[in-house]
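Q: got a predicted structure plus its sequence, pasted below:
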Amino acid sequence: MADTSILCERIHYRHDHKWTAVVEMSGNSCLLCTACVVEMLEDQTLSIVRKKHILSCFGNLTSRFAAVVVDLLMQDERVYAHFLGTLLGMLQMTEDAAMLERIIQVLLQLIVEVKSEGFIKCILEECEKQITNNSNKRSCLPTFTFLGKLLDLVPALVEPLSLHCGSLIEQLNSALLFPDENLKTAVCYIYAHLYSSPVAAEKQSVICQEQLCGLLLSTLDNAQTRELQVNCIGCLKQLLKYSHLVSVMMNPCIGDDNSDNTQLFQCNNSLPLILKKVLLSRDETLQIASSQCIASILVHSPQLYARLVIHANIPEFLFERLCSTSDVLLWSIYSCLLLLVEESLFFSKCNAVYGIESLVRSLKEVLRHNNQDAQKQGILLFTEILKRQPVNIKLFSTTSVFKDAIQALQDGINDPSLEVATEAACTIVALYRLFPRVSF
């Protein structure tokens, strides 16, 4: 291969000149022969190191001269299809991580530049064939990874994937049973895309959906790597958009919830307990996702699910996480607690009493920021607690917390945002009704 060109002098003489183009790079003329590229990648005697260099150079050229590369390949669609097939075949024959990354990068570049539905369909069919015909799911990891990135790049592919690649979809659940967290991470990423589309989600059989719910909860509960935890809970967020799947995942915990029976949560893979475990992690991203998942559950049926969440002692840990300075996390927790305070059990279990100090401190912190959504949501939560707190249960355990609450509300009234100031004024009215002798 010449120093400034992508061709192989040993075989280049055999190729028609139509497969060669000249481009200028860094002041030098560079020859690109697509026929040489294909033959070199197929040559079993060439080292991975050399093929890696070829793909890297080809990828750089494609980035800078996409039209030239596409014109060369599309002179004969059979050649382009053969090139794609070669790259896809290399996914399962290569173990070098850097090489796999370059293969996937070039595949995605070509797909984006050519924009052919016919070729994309062929790619999906080839991926399906690789996955369904391979009993060793570990070796399918590169194909799963490529599929996830392809769906990321072309989200519209989710629906044709669900419609025409049923065998591939069926293999996803079995892949979650394989004891490899990298494989599970890639599969969860695909599932997150799949269930982001209501049309694609509806195409999945009830049995597969129910199996996925159980497998996903088990995977999240036992996940060790952050990557798997993030992708797993990202997939869970998509599943929680569908009320029937929420019912499936919460069903093991539903029983006689009129009694204060915490034994409801001794079942395996209890979704509330798993989300509490994620909430207790030290990872802020996971904490945000956990609180958002809890809120997603409650939105479907506060009357049915709020008691289950409260029995899992989640509210007190939500209050505990209000020590954060992240506006996104604070807003997510405020939103979640706003749904929980609609349930009287929240107050009879003294969650408001336990959490009021944390809430006041977080309000003082968030009012120093510029995020009006978080500020309004926090003040609204305080208002709802004041309105609903039973008169026979003392809310403020110390005078200092009460004084801090008043100071926080005064800061809210002085906020330059009219909406924040108005919300703070409403909270002061609620506070005055609960404590009529207080002076501001």
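A: That came through, no problem. None of the values given here were measured: they were computed from a predicted structure.
Q: pretty sure Tyr334 sits against Gln377.
A: Yes. With contacts counted by C-beta atoms under 8 Å, Tyr334 reaches Gln377, the gap being 4.1 Å. Quick note: C-beta positions are derived from backbone N, CA and C, even for glycine.
Q: now do Leu163: how many residues are near it, please.
A: By the other C-beta atoms under 10 Å criterion, the neighbourhood of Leu163 contains 12 residues.
Q: please identify which helix or strand holds it.
A: Using DSSP states H and E, Leu163 sits in helix 158-164.
Q: for the record, mean pLDDT for that helix?
A: Across helix 158-164, pLDDT averages out at 87.
Q: same question, stretch 307-315
A: So the average pLDDT for stretch 307-315 ends up being 95.
Q: start to end distance for that stretch?
A: Start and end residues of stretch 307-315 are separated by 11 Å (C-alpha to C-alpha, to the nearest Å).
Q: could you list the buried residues of the helix or strand harbouring Gly59?
A: When elements are assigned from DSSP H and E, Gly59 belongs to helix 48-64. Judged by neighbour count using 16 or more other C-beta atoms under 10 Å, the buried positions of helix 48-64 are 51-52, 54-55, 57-59, 61-62.
Q: find the nearest non-adjacent residue to Pro272, please.
A: Closest residue to Pro272 in three dimensions, ignoring its sequence neighbours and counting by C-beta to C-beta, 6 or more residues apart in numbering: Ala312, at 3.8 Å.
Q: and Arg307, how many neighbours?
A: Each residue near Arg307 was counted by other C-beta under 10 Å, and the total is 21.
Q: SS state for it?
A: Remark: Arg307 carries the secondary structure label helix [criterion: DSSP: H, G, I helix; E, B strand; the rest coil].
Q: so it makes contact with Glu343?
A: Yes. With contacts counted by C-beta under 8 Å, Arg307 reaches Glu343, the gap being 6.1 Å.
Q: next SSE downstream of the one helix or strand Gly378 maps to?
A: With the criterion set as DSSP H and E, the secondary-structure element containing Gly378 is helix 372-388. Proceeding N to C from helix 372-388, the next assigned helix or strand is helix 399-413, under DSSP H and E.
Q: what residues go with each domain of this protein?
A: The chain breaks down by automatic domain parsing into domains covering 1-115, 120-221.
Q: could these go into TSV alongside distance to Ile233?
A: Putting the domains of the chain into TSV (distance: least, C-beta to C-beta, whole Å) gives the following:
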stretch	distance to Ile233
domain 1-115	24
domain 120-221	6
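Q: out of these, deepest packed?
A: Among the domains of the chain, ranked by average contacts under mean count of other C-beta atoms under 10 Å, first place goes to domain 120-221 (a mean of 18).
Q: just give me how far that domain sits from the chain centre.
A: The chain centroid and the centroid of domain 120-221 are separated by 15 Å, computed with C-alpha atoms, centre = their mean, to the nearest Å.
Q: and the end-to-end length of it?
A: For domain 120-221, the first-to-last residue distance is 36 Å (C-alpha to C-alpha).
Q: contact partners of stretch 377-388?
A: Residues outside stretch 377-388 that contact it (C-beta atoms under 8 Å, 6 or more residues apart in numbering) are 330-331, 334-335, 337-338, 341, 344, 347, 352, 356, 359-360, 362-363, 366, 395, 405, 409, 412, 420, 423-424, 426-427, 430-431, 433-434.
Q: please disregard the earlier target; I meant stretch 15-30.
A: For stretch 15-30, the surrounding residues in contact (C-beta under 8 Å, 6+ apart) are 4-7, 12, 31-36, 61, 64-65, 68-69, 71-72, 75.
Q: how much space separates Ala201 from Tyr195?
A: For Ala201, the distance to Tyr195 equals 5 Å [C-beta to C-beta, to the nearest Å].
Q: overlap in contacts, the two.
A: Common neighbours of Ala201 and Tyr195 (criterion: C-beta under 8 Å, 6+ apart): Tyr242.
Q: got the angle for the helix holding Gly378 vs helix 399-413?
A: Angle between the axes of helix 372-388 and helix 399-413 is 130 degrees (criterion: axes from the mean of the first three to the mean of the last three C-alpha atoms, to 10 degrees).
Q: for helix 372-388, buried residues please.
A: Using 16+ other C-beta under 10 Å as the burial criterion, the residues of helix 372-388 that qualify are 372, 374-386.
Q: ok, now stretch 275-283?
A: Residues of stretch 275-283 classed as buried: 275-276, 278-279 (neighbour count, 16+ other C-beta under 10 Å).
Q: Leu240: which of those residues is nearest?
A: When the buried residues of stretch 275-283 are compared for distance to Leu240 (C-beta to C-beta), Leu275 comes out closest, at 10.2 Å.
Q: which residues touch the closest one?
A: Contacts here follow C-beta under 8 Å, 6+ apart; on that basis Leu275 touches 290, 293-294, 314.
Q: excluding its backbone neighbours, what's nearest it?
A: The spatial neighbour of Leu275 that comes closest, neighbours along the chain excluded (C-beta to C-beta, 6+ apart), is Ser290 at 5.0 Å.
Q: burial count for the one you found?
A: Around Ser290 there are 30 other residues, counting by other C-beta under 10 Å.
Q: swap in Phe119?
A: The local packing of Phe119 (other C-beta under 10 Å) involves 16 other residues.
Q: settle this for me: it is touching Leu107, isn't it.
A: No. Phe119 is beyond contact range of Leu107, at 10.8 Å (criterion: C-beta under 8 Å).
Q: so what sits against both of those two?
A: Residues touching both Phe119 and Leu107 comprise Leu84, with contact defined as C-beta under 8 Å, 6+ apart.
Q: low-confidence regions, the stretch 301-440 of the chain specifically.
A: Across the stretch 301-440 of the chain, the ranges flagged by pLDDT under 70 are 436-440.
Q: go again with 50.
A: For the stretch 301-440 of the chain, residues meeting the criterion pLDDT under 50 lie at 440.
Q: neighbouring contacts of stretch 84-99?
A: 38, 41-42, 48, 51-52, 55, 100, 103-104, 106-107, 110, 119, 122-123, 126-127, 130, 134, 139-140, 142-143, 146.
Q: circling back to that earlier point, quick one: contacts of the helix holding Leu163?
A: For helix 158-164, the surrounding residues in contact (C-beta under 8 Å, 6+ apart) are 120-121, 124-125, 151, 168-169, 193-194, 196-197, 199-201, 203-204.
Q: for the residues you listed, which one is nearest Leu228?
A: Nearest to Leu228, judged by C-beta to C-beta, of those is His193 at 16.4 Å.
Q: quick check: mean pLDDT across the helix or strand hosting Leu220?
A: Leu220 belongs to helix 206-222 when elements are defined using DSSP H and E. Helix 206-222 shows a mean pLDDT of 94.
Q: and the next helix or strand past that helix?
A: Immediately after helix 206-222, counting by DSSP H and E, sits helix 226-239.
Q: related to what we said a few turns ago, I'd like the next helix or strand past the helix holding Leu163.
A: Moving toward the C-terminus from helix 158-164, the first helix or strand encountered (DSSP H and E) is helix 166-176.
Q: sounds good, over and out.
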